[in-house]
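Visitor: What follows is a predicted structure for the sequence shown.
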Amino acid sequence: MKTNLVSQWKAFKASPVYEDKKSGLARGGKSVLMTIFRIVLLVGISYVILAPVIGIVTSSFFSDSDQYNPMVFTIPINPTFERYEKAFEHLKYLKTTGFTVLYTVTLTAIQVFICSMVGYGFARFNFPLKKLLFGCVVVMIVLPVHTIMLPLYVTFRNFDPLGIMSLIKGNPQNLLGTPWPMYIMTVLGCGLRSGLYIYIFNQFFRGLPKEIEGAAFVDGAGTLYTYFRIMLVNAMPAVVTVLVFSLVWQYNDTFYGNLFNISTDLLISKRIATLSDTVSNVEKIYDPNILKLYMNAGIVMIMSPIVLMYLLLQRQFIEGVERSGIVG
Amino acid sequence: MSKKKLRVSMTTRRAINGYMFIMPWLIGFICFYVICIIMTVRFSLSELTVLPTGGYSTKFVGLDNFIYAFRVHPSFKQTFVTSMGNMIIDVPLIIFFSLFMAIMLNRKFKGRGLVRAIFFLPVILGADAIADAMQRSMALMNGGLTTMSSEMSTAVSGGMSIAYYMEIFSDLAIPSQVLEYLVGAINRISDIISASGVQIIIFIAALQSIPGSLYEVAHIEGATAYETFWKVTFPMVTPHIITNLVYTIVFRFLDSEVVNLAYTTTFTERNYGLGAVFSLVGTAAVCLLLVIVVGLIQKRTFYYN
């Protein structure tokens, strides 16, 4: 009896069925473990990222009593919308956000257009001094902007390209206080973090197969046609990456806003900085613990358009990648 | 005349086209950066006083500012070395972490969009205006009773547990340097996560642009997942590893104490010359580091051509 079982087991062990089952089991076990590992990791890291955001969002609904109730943790007992109403009013939310979004979107469009062109020029053409000039792009990324802050200020305080302004109006134009300096710098490829975008585009264009261009050339496409209709379409992931970054950073920019003295009515990023002072002066609220709640409501409000933009663009991102010719 | 134009060689025409493509940037770079950098260098070599009328006047003092920065200034050298050291420790951690996360987020699973959105949040939260506002809100909090007590309790329990685990691991005879590095890395984990949002996105875009046919071929040839990663994914991603390295090094530097010091020296202490020196020295050091790092990696980089 016993020997029978043993010999049966040995026969089974030798048969291919056993090998199949064993590896199947092992693979199944491994994949379950991997899935659990992945879920734990993603949830854990998401928590680390989300914890402060959750704190801000929930505390913006706290009423005064919740803020001082030691038993209240995260979830308010008497939730209120009062913080949002006041923050909305004092930020002049709709008008300011409208201007900011317009400013951000136009600048981003220019950024993508100019930087992709420059990146393409560096990636695909050979010309004298190319290495040196690309080194200049890197210098542009590395140089902290406030190193050249004072000279920039002076440049736009007395804006006089080639003496044209003083020829027409008799004296140099003062462009401070208007958004024009930002537009001029962006059109000339020196906007907010333009160097980085040029770099990203350069790396992407270098990574694309040369055959696409070769085919276009053989078919008689000109340089501009090749660039706009073939290369740019294929660099869709890079375009969307730069688009997203540029939107976020331009929207949040305070540095150039302060340097060029652009009005707080135009830029929500400058307005949020004055929110707690405005609320405390106008509403006569001097308790910092309560002021903080208004501040949090304001943060949620200025964050929401940009989060929304990202969520919208993310779908475009994936679709754009699938539509372009490079994947499979 | 037209015949002469036709005889322009292909190479020359390509070169002219190339210049046309980079022309806007070239003009801007010369107009803004070159002129401004020259002015900054002049500031660093002189003593600058702002006149009450709004202008300024400079007095040439030679290398005095540089000598002062390295010989006399109490904290510049130390700050400089520490921030460079921190950068060298942090950068590889950030690159590995973000590549790892990007590969994970590039797989298909339920709720991928949501998780990706969450991983993008640090980019938004770390940006100027929102980060400022959050800091302001935090600053208002000081003195609050409830928050104080909760903060203290987490601080105490956090400190306790780390010491406890440290003891366990040192009982296991793990070398103390390794342990310290690991503990340091874990302590900075939230810092590292929030610093790698941009890198994750660049890596995801890079992973998306790898032709699917390559994976198909690898699969048909019977490559394992491990082999596929090292023979297909990794080589195709290397150009973007360089992008991310450059990005990480630069923005770690721009966030670092050196830049902070330069900023406060320039605008709080109103010492424009010294501030310019700090910025220039920092920039030069980072450029050198970039040239070394990129030079080392560029040779091993694979371009799909």
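Guide: Ah, there it is.
Visitor: I figured residue B:28 was touching residue A:195, is that so?
Guide: No. With contact defined as C-beta atoms under 8 Å, residue B:28 does not reach residue A:195; the gap is 10.7 Å. For every residue, glycine as well, the C-beta is placed using N, CA and C.
Visitor: the more surrounded of these two?
Guide: Set residue B:28 next to residue A:195 and count neighbours by other C-beta atoms under 10 Å in any protein chain shown: residue A:195 wins out with 26 against 23.
Visitor: pretty sure that one is touching residue A:141, no?
Guide: Yes. Applying C-beta under 8 Å, one finds residue A:195 in contact with residue A:141, separated by 3.8 Å.
Visitor: Not counting its own residues, what contacts stretch B:73-90?
Guide: B:69-70, B:181, B:184, B:188, B:191-192, B:195, B:248-249, B:252-253, B:256-258, B:261, B:274, B:278, B:281-282, B:285, B:289 (C-beta atoms under 8 Å, 6 or more residues apart in numbering or on different chains).
Visitor: ok, of these, which come out buried?
Guide: By neighbour count, with 16 or more other C-beta atoms under 10 Å in any protein chain shown, the contacts of stretch B:73-90 hold B:69, B:188, B:192, B:195, B:248-249, B:252-253, B:256, B:258, B:261, B:274, B:278, B:281-282, B:285, B:289 as buried.
Visitor: Next step: those restricted to strands.
Guide: Using DSSP state E, no member of these sits in strands.
Visitor: where does the stretch 151-300 of chain B have low pLDDT?
Guide: The model of the stretch 151-300 of chain B has pLDDT under 70 over residues B:151-163.
Visitor: same thing but 90
Guide: By pLDDT under 90, the low-scoring segments of the stretch 151-300 of chain B are B:151-216, B:219, B:222-287, B:289-291, B:293-300.
Visitor: The stretch 151-300 of chain A too?
Guide: Residue ranges of the stretch 151-300 of chain A with pLDDT under 90: A:151-180, A:189-193, A:196, A:199-245, A:248, A:252-296.
Visitor: Which single residue in it comes nearest to chain B?
Guide: Per C-beta to the nearest C-beta, the residue of the stretch 151-300 of chain A with the smallest distance to chain B is residue A:188, at 2.7 Å.
Visitor: and that residue, what does it touch?
Guide: Residue A:188 makes contact with A:114, B:24, B:25, B:27, B:28, B:29, B:31, B:32, according to C-beta under 8 Å, 6+ apart.
Visitor: for the nearest residue to residue B:93 once chain neighbours are set aside, what are its contacts?
Guide: The shortest distance from residue B:93 to any non-neighbouring residue, by C-beta to C-beta, 6 or more residues apart in numbering or on different chains, is to residue B:192 (5.6 Å). Counting by C-beta under 8 Å, 6+ apart, residue B:192 touches B:90, B:93, B:94, B:97, B:185.
Visitor: And for the third one, the neighbour number?
Guide: Translated: residue B:94. Neighbourhood size, residue B:94 [other C-beta under 10 Å]: 25.
Visitor: for the helix or strand harbouring it, which positions count as buried?
Guide: Residue B:94 belongs to helix B:76-106 when assigned by DSSP states H and E. Buried residues in helix B:76-106, counted by 16+ other C-beta under 10 Å: B:76, B:79-80, B:83-84, B:87, B:90-91, B:93-95, B:97-99, B:101-106.
Visitor: Now find how far off-centre that helix is within its chain.
Guide: Remark: helix B:76-106 is offset 8 Å from the chain centroid, using C-alpha atoms, centre = their mean, to the nearest Å.
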